[in-house]
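# sequence and computational prediction follow.
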Amino acid sequence: MKPPLSDEALDILFRKARTHHVWRDQPVTDEELRQLYDLVKWGPTSANTCPARFIFLRTREAKERLKPALSPGNVEKTMTAPVTAIVANDFKFYEKMGKLFPHNPAMGERFASNLQVAEITAFRNGTLQGGYFILAARAIGLDCGAMSGFDNAKVDAEFFSGSRIKSNFLCNLGHGDASKLLERHPRLDFEEACQLL
Ligand SMILES: Cc1cc2nc3c(=O)[nH]c(=O)nc-3n(C[C@H](O)[C@H](O)[C@H](O)COP(=O)(O)O)c2cc1C
């Protein structure tokens, strides 16, 4: 059976897409960032909770606020990337359930009254949305460099103080310099990662 996407599209999204560390001098526009989010938002989340929040750092000034939180190995690639996204989770996502799940207004209250479930839900679904984010960026022709090498507490204090939003991971966005990529690491084979029952 032929997949609905072309081989070229599958290469762009998965097989030939790489994590980039060096950026070409080509900007990312605000319009592209809106296009990116307008795809990400359609990815599924449980009970349509949509807990991910994104801050796009586009200016030197904004990047300088992030810099002290970065692991040494992530500083250069982040400061030179056209855009760095802070991919975060809103642990009070349930306050928006009236809009997001209008046919069942009790859903928001169910999360509000069980913060342990709310926390797991925010992390699971916000992380899924982070995955959709990487694929959506590739789909509109951007390259990504995701990073967990940073001090979450410092980022949260700098960007999310006074809220229940917490950083999950960072993602540089731009047009990568493919000539600077190292050889790709292998992945697990089907037999190693999957079971057919
Ligand atoms: C959530 C996440 C966090 C990552 N953190 C870092 C990081 O802090 N620094 C870094 O250089 N690469 C980081 N990476 C990049 C991975 O090492 C890279 O995606 C992986 O080795 C696969 O490489 P490839 O995409 O080129 O095939 C991260 C990737 C993801 C998805």
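Okay, I see it.
# surely Cys171 is in contact with Ala88?
No: contact criterion CB atoms under 8 Å: Cys171 and Ala88 do not qualify, at 11.2 Å. Glycine gets a C-beta too; all of them are placed from N, C-alpha and C.
# and Glu76, what pLDDT?
With respect to pLDDT, Glu76 has a value of 98.
# which strand or helix spans it?
Per DSSP states H and E: Glu76 is located in helix 72-80.
# how about that helix and the ligand, any contact?
Yes: Helix 72-80 reaches the ligand (CB under 6 Å from any ligand atom) through 73-74.
# need the residues that contact that helix.
With contacts defined as CB atoms under 8 Å, 6 or more residues apart in numbering, helix 72-80 is touched by 20-23, 63, 66-67, 70, 84, 145, 147, 149-150, 170, 172.
# can you rerun that using 6 Å?
With CB atoms under 6 Å, 6 or more residues apart in numbering as the test, helix 72-80 has contacts from 21, 23, 63, 70, 84, 147, 149, 172.
# buried stuff in that helix?
Within helix 72-80, the residues scored as buried using 16 or more other CB atoms under 10 Å are 74-75, 77-78.
# next one: stretch 145-164
For stretch 145-164, a neighbour-count test (16+ other CB under 10 Å) marks 145-147, 150, 155-156, 159-160 as buried.
# sorry, back to before: skip ahead from the helix holding Glu76 and say which helix or strand is next.
Following helix 72-80 in sequence, per DSSP H and E, is strand 83-90.
# direction included, what does that following strand pair up with?
strand 52-57 (antiparallel), strand 165-174 (antiparallel) (DSSP bridges).
# and for the next helix or strand after the first one, what's in contact with it?
Right, strand 52-57. Later in the chain than strand 52-57, the nearest helix or strand by DSSP H and E is helix 60-66. Contacts to helix 60-66, defined as CB under 6 Å, 6+ apart, come from residues 57, 79, 158.
# going by neighbour count, which residues in the top helix by length along the chain are buried?
Longest helix in the chain, counting residues (DSSP state H): helix 115-139. Neighbour counts over helix 115-139 (16+ other CB under 10 Å) mark 118, 121-122, 125-126, 128-130, 132-139 as buried.
# repeat that for stretch 22-41.
By 16+ other CB under 10 Å, the buried positions in stretch 22-41 come out as 22-23, 28, 32-33, 35-36, 40.
# check what pLDDT the closest residue to Asp177 other than its chain neighbours gets.
Counting by CB to CB, 6 or more residues apart in numbering, Asp177 lies nearest to Val22, which is 4.3 Å off, once chain neighbours are set aside. Val22 is assigned 98 on the pLDDT scale.
# same deal with Met1?
pLDDT, Met1: 76.
# kindly report the same for Gln129.
pLDDT for Gln129: 99.
# coming back round to it: show me which pair in the buried residues of helix 72-80 is furthest apart.
Among the buried residues of helix 72-80, the pair separated by the greatest distance (CB to CB) is Val75 and Lys77, at 7.6 Å.
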